[in-house]
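Student: 3D model of this:
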Amino acid sequence: MSNIYFNESVILLNVEAASKEDVLEKMGRNLFEQNLVKESFIPAIIAREEEYATGLPTAGVAVAIPHTDVEHVLRKTISVGVLRETVEFGVMGDEMETIPVRIVFLLAMDEAHSQLTLLQQLMGVFQTKEVLLSILEEENKTSIRSLLEEKLDFGVLEGEK
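Tutor: Numbers count the residues shown, from 1 in each chain. Down below sits the predicted model:
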């Protein structure tokens, strides 16, 4: 899974949001402004989240992994948003239930198989309470980047700045 664009510019800390739609708008806008996704990405990610909830009740801190179809993506990337306060997301597999999320991993994949690979790798990260808590408590984007690069197999990373 090579050529993922991942650097400090796609890591957002202390995101203030009143709703999951607000979170997805802010994170999607950041990716759009960096020419990583098409403008259609933002409404597509919000619509998909309504249809298929992505909140996960993980150990220590709940996460969400919103993603949408590949045609809205210009360049493969993963954005990390650490929320200032929890925001309710629907629970994956049970849209009627919600969970208070603090970390959002917004996936923008340009191939369906790479999305599946990344989701599998993220599941490994989600099973480690210490990793999630360190992301939540970390105030340095470079430290978060290094931690995730260590835990996820990005292959050849692009987006060095």
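
Student: drop to CA atoms for contacts and neighbour counts, all remaining ones
Tutor: Noted.

Student: what are the ranges of the strands in this structure?
Tutor: With DSSP state E applied, the chain shows strands at 4-5, 11-15, 55-56, 62-64, 77-91, 94-108, 157-158, listed in chain order.

Student: Remind me what the first one packs against, helices and strands.
Tutor: Applying 3 or more CA pairs under 8 Å, 6 or more residues apart in numbering; DSSP states H and E, one finds that strand 4-5 makes contact with strand 77-91, strand 157-158.

Student: Let's test this: mean pLDDT of it, rounded?
Tutor: When pLDDT is averaged along strand 4-5, the result is 89.

Student: Poorly predicted segments of this structure, please.
Tutor: Scanning the chain for pLDDT under 70 picks out 1-2, 154-161.

Student: Could you rerun that using 50?
Tutor: Along the chain, the parts satisfying pLDDT under 50 run over 1, 156-161.

Student: Tabulate the strands of the chain in a markdown table, adding columns for distance to residue 39.
Tutor: Below are the strands of the chain laid out as a markdown table (distance: least, CA to CA, whole Å):
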| stretch | distance to residue 39 |
| --- | --- |
| strand 4-5 | 18 |
| strand 11-15 | 19 |
| strand 55-56 | 24 |
| strand 62-64 | 21 |
| strand 77-91 | 15 |
| strand 94-108 | 13 |
| strand 157-158 | 22 |
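
Student: now those as JSON lines including mean neighbour count and distance to residue 30?
Tutor: Output for those, formatted as JSON lines (neighbours: other CA atoms under 10 Å; distance: least, CA to CA, whole Å):
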{"stretch": "strand 4-5", "mean neighbour count": "20", "distance to residue 30": "13"}
{"stretch": "strand 11-15", "mean neighbour count": "17", "distance to residue 30": "9"}
{"stretch": "strand 55-56", "mean neighbour count": "24", "distance to residue 30": "21"}
{"stretch": "strand 62-64", "mean neighbour count": "25", "distance to residue 30": "18"}
{"stretch": "strand 77-91", "mean neighbour count": "21", "distance to residue 30": "9"}
{"stretch": "strand 94-108", "mean neighbour count": "20", "distance to residue 30": "11"}
{"stretch": "strand 157-158", "mean neighbour count": "15", "distance to residue 30": "17"}
